[in-house]
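>>> the sequence and its predicted three-dimensional model are supplied below.
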Amino acid sequence: MDKFDLIVIGSGPGGYVAAIRAAQLGKRVAVVERAETGGVCLNWGCIPTKALLKSAAVYHYCSDAARYGVAVTGDTSPVLDQMVERSRGVADTMQKGVTFLLKKNNVELIQGFGKLLGDGRVDVDGTTYEADHVILATGARPREMAFMPIDGEHVISSKQALTLAKLPTDMIVVGSGAIGSEFAYFYASIGVKVMIVEYLSNLMPLEDEEVSKTMERAFRKLRANVMTSTTVKEVKVVDGRCHVEVEGKKGADTLTADVVLSAVGIKSNIENIGLEELGVRTDRDKIVVDEWYRTSVPGVYAIGDIVPGPALAHVASTEAICCVNHIFAPAEAHPVNYNVIPSCIFTSPEVASVGMTEAQARERGMEVSIGRFPFTASGKATAAGDRDGFVKLIFDAASKKLLGAHLVGANVTEMLAEPTLAMTLGATAQQIAHTIHAHPTLNEGIMEAAEQALGQAIHL
């Protein structure tokens, strides 16, 4: 039997990065993939979603062109099938890129469903392969709730939301995390009447409360209805319409729409891959691992959405590097710092955050100093015509070290690397404030917020 140094099951942002890193270290590597290389992120998640959102942005530019002194003759209208076609083309391009990278690095791609057999052996649709180490990177899928069964036509998941054949008149989005919020924005921005139903008390419940309130106002500007602290009891399809029974602040009600998008989270793909037979320890639907992503079975590792932690592509990639370095280059291995994980939501305005929210810091009994800068005071934002949003920085009151950053505004996802790096390096408010920022840029807002936290604001 041919033997590899490493077999990776799954080729998403965790799996393909793990495979390529091991190959860079001179190891013989194989990747097992049952579907498209690149996983959900490249094919049915992050990338095609952003392509649709770009189409929505272009539609907005055209519709709003007169405000910038540009005359657009004729009607502008969204053409959903062409938007979807472009989105699928973008995903296909990225998928081919991952396949090329695997081949370039001499990683063997094995198509099929991988299952652990023990002692380094992996079964792929009846053929057995062997390796010294196996990394599980099987990712996740949309979670399905019993009261809201997905039929792919009336009640849909994020996958179907990427490829709708026609625009519905109205849509109910259940869940307002990143997935729910991005699709709610996309469809609302191209004319669909959208209702967002969120079980928790705030829209985008993982974000800072000020961010949540700002985004609730932004959705209402799009004429989207936002219902927080609302429970979905049951979803029925009657005569081609979805009837959604909810209970909220004002009691029970029944909402109706052409389509319901279930965006209530994800479920790890850990079924039928041999965990039970080998005795790999799990907790609910996650595989239990240590700081190096070792499972309870020697030689078997797990990374990405199937282990505890944020289910984000860049987290999976970071875990992949950490895990492979620990196996093959221990001198270069460093545990992942989960206190400094950047997060982005690509609505309009965008949302970007890293570190603690103000509430989390105060719940821990920390004395904090808050710096804020509204984009209404930004020359660049005013010139661009996108003044909604702000920068909010949270500092430890004593040490002045940055504890968290929360941004809302145009292109703020591109600004997030600066506070993330600042947190990684233990930067203080003084160091951020004294760093010269180019003018005019949105990034000046980070400097200005730091100055405001120090009581040295110039433009506020």
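Cool, got the structure.

>>> for the residue nearest to residue 266 when sequence neighbours are not counted, give me phi and psi.
The shortest distance from residue 266 to any non-neighbouring residue, by Cβ to Cβ, 6 or more residues apart in numbering, is to residue 140 (4.0 Å). Where C-beta positions appear, they are placed from N, C-alpha and C, glycine not excepted. Dihedral pair for residue 140: phi -150, psi 170, per degrees, to the nearest 10.

>>> what's the neighbour count on residue 140?
20 (other Cβ atoms under 10 Å).

>>> pLDDT below threshold where in the chain?
Low-confidence segments of the chain (pLDDT under 70): 1, 460.

>>> now do the domain split for it, please.
Per automatic domain parsing, the structural domains of the chain span 3-141+267-332, 155-264, 349-453.

>>> kindly reformat these as JSON lines and extend each row with distance to residue 149.
Formatted as JSON lines, these follow (distance: least, Cβ to Cβ, whole Å):
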{"stretch": "domain 3-141+267-332", "distance to residue 149": "14"}
{"stretch": "domain 155-264", "distance to residue 149": "6"}
{"stretch": "domain 349-453", "distance to residue 149": "30"}
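
>>> how about the ones you listed, which one is nearest residue 342?
The closest of the domains of the chain to residue 342 is domain 349-453. By Cβ to Cβ, the value is 4.5 Å.

>>> end to end, how far does the closest one reach?
End-to-end span of domain 349-453 (Cα to Cα, to the nearest Å): 24 Å.

>>> over to stretch 300-316?
16 Å.

>>> so who does the nearest residue to residue 199 once chain neighbours are set aside touch?
Nearest non-adjacent residue to residue 199, counting by Cβ to Cβ, 6+ apart: residue 231, 5.8 Å away. Each residue near residue 231 by Cβ atoms under 8 Å, 6 or more residues apart in numbering is listed here: 199, 246, 247, 248.

>>> are any of those buried, and which?
199, 246, 248 (16 or more other Cβ atoms under 10 Å).

>>> would CSV of those residues with distance to residue 238 be doable?
Formatted as CSV, the buried ones among the contacts of residue 231 follow (distance: Cβ to Cβ, whole Å):
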residue, distance to residue 238
199, 24
246, 16
248, 21
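
>>> next step: these restricted to strands.
246, 248 (DSSP state E).

>>> nearest to residue 420, of the buried ones among the contacts of residue 231?
Set against residue 420, the nearest of the buried ones among the contacts of residue 231 by Cβ to Cβ is residue 199 (29.2 Å).

>>> surely that closest one meets residue 230?
Yes. Assessed by Cβ atoms under 8 Å, residue 199 is found in contact with residue 230 at 6.7 Å.

>>> residue contacts, the residue nearest to residue 266?
Contacts of residue 140 (Cβ under 8 Å, 6+ apart): 40, 266, 267, 268, 269, 305, 306, 311.

>>> what ranges does the stretch 101-250 of the chain have for its helices?
Secondary structure of the stretch 101-250 of the chain (DSSP state H, counting those that start in this stretch): helices at 158-161, 178-189, 209-221.

>>> what distance do you get for residue 380 to residue 67?
Residue 380 is 17 Å from residue 67, where distance means Cβ to Cβ, to the nearest Å.

>>> the more surrounded of these two?
Legend: neighbour count by other Cβ under 10 Å for residue 380 and residue 67, higher for residue 380 (19 against 9).

>>> what sits against residue 384?
Contacts of residue 384 by Cβ under 8 Å, 6+ apart are residue 410.

>>> go again using 6 Å as the cut-off
By Cβ atoms under 6 Å, 6 or more residues apart in numbering, the contact set of residue 384 is empty.

>>> same question, residue 46
So residue 46 contacts residue 313 (Cβ under 6 Å, 6+ apart).

>>> kindly report the same for residue 142.
157, 158.

>>> that one and residue 51: what is the separation?
Counting by Cβ to Cβ, the gap from residue 142 to residue 51 is 19 Å.

>>> quick one: the helices in the stretch 351-460 of the chain?
Using DSSP H, counting those that start in this stretch, helices in the stretch 351-460 of the chain cover 358-363, 379-384, 417-424, 429-433, 444-453.

>>> just want the angle from the last one to helix 417-424.
Yep, that's helix 444-453 we're talking about. If you take axes from the mean of the first three to the mean of the last three Cα atoms, to 10 degrees, helix 444-453 sits at 50 degrees to helix 417-424.

>>> how about residues contacting helix 444-453?
Counting by Cβ under 6 Å, 6+ apart, 369, 371-373, 378, 391, 393, 395, 418, 429, 432-433, 437, 457, 460 sit against helix 444-453.

>>> next, report how far that helix is displaced from the centre of its chain.
27 Å (Cα atoms, centre = their mean, to the nearest Å).

>>> one step back: so which of the contacts of residue 140 are in helices?
residue 40 (DSSP state H).

>>> most neighbours among the contacts of residue 140, which one?
Counting neighbours by other Cβ under 10 Å, the top entry in these is residue 305, with 31 neighbours.

>>> need the phi and psi values for residue 52.
Torsion angles, degrees, to the nearest 10, at residue 52: phi -60, psi -40.

>>> tally of neighbours for it?
By other Cβ under 10 Å, neighbour count at residue 52 equals 24.

>>> does it touch residue 186 like I think?
Yes. The criterion here is Cβ atoms under 6 Å, and residue 52 meets it with residue 186 at 5.4 Å.

>>> and which of the buried ones among the contacts of residue 231 is nearest residue 323?
Distance to residue 323 across the buried ones among the contacts of residue 231 (Cβ to Cβ) is lowest for residue 199, with 33.9 Å.

>>> separation between the closest one and residue 185?
With Cβ to Cβ as the criterion, residue 199 and residue 185 are 19 Å apart.

>>> residue 283 too?
34 Å.

>>> neighbour count: these two, which is higher?
residue 185 (26 against 9).

>>> residues in contact with the more buried one?
residue 347.

>>> measure it to residue 144 for me?
Separation of residue 185 from residue 144 (Cβ to Cβ): 23 Å.

>>> again with residue 205
20 Å.

>>> just curious, which of the contacts of residue 231 is nearest to residue 151?
residue 246 (19.4 Å).

>>> so what's the closest one bridging to?
Beta-bridge pairing of residue 246 under DSSP bridges involves residue 232, residue 253.

>>> which ones are touching it?
Contacts here follow Cβ under 6 Å, 6+ apart; on that basis residue 246 touches 230, 232, 253.

>>> for it, give its distance to residue 97.
When residue 246 is compared with residue 97 (using Cβ to Cβ), they lie 43 Å apart.

>>> and if you look at residue 220?
Distance from residue 220 to residue 97, by Cβ to Cβ: 39 Å.
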